[in-house]
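Student: Build me a structure from this.
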Amino acid sequence: MIADFYLATKKDNLLSTTWICDQRKTGFIFESFSKYSQVSEEMILTFSSKDRFFINEFIQVKENDKDAKLMELYYDGDYLQTRDHLTLNFESVHILKKYDDVNLNRAYKEYEGHSILYRYKKN
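Tutor: Model (predicted):
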């Protein structure tokens, strides 16, 4: 999946801010994920200090013709904010409520030790 994120803020720093992201994924092309008709993610991202963040993520996984099942994760790490970029460094990923498919659990756990670069714009 290739994703482009656009974040907007009116603050010069992110300290004590909370952002909410709601995302729905469909149309999986990998065979190991083809049984899923939709994965819905709701993330609550909190910047707890001038360089630390944590995320509470609630995920609903819908398999074809079945009821949705829930996953819950907690991420934490540090971040670096520059003029128009935000880098999140994921130090740890805790799966608080696992899904019954090891591939899906592994896909989320693999964020641990990685970084994501976002571009944002100050309004």
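Student: So in this protein, where's the weakest helix or strand by average pLDDT?
Tutor: Ranked by mean pLDDT, DSSP states H and E, the helix or strand of the chain with the weakest confidence is strand 6-9, at a mean of 58.
Student: and the residue of the chain positioned farthest from its centre, which of the three is it?
Tutor: Largest separation from the mean C-alpha position in the chain: residue 65, at 25.6 Å (CA atoms, centre = their mean). Here residue 65 is recorded as coil under DSSP: H, G, I helix; E, B strand; the rest coil.
Student: all strands of this structure, in order?
Tutor: Read by DSSP state E, the chain holds these strands, from start to end of the chain: 6-9, 18-25, 36-47, 52-63, 69-81, 85-97, 115-122.
Student: I'd say residue 84 and residue 120 touch.
Tutor: Yes. Using CB atoms under 8 Å, residue 84 and residue 120 qualify as a contacting pair, with a distance of 6.4 Å. Where you see a C-beta, it was placed from the backbone N, CA and C, and this is true even at glycine.
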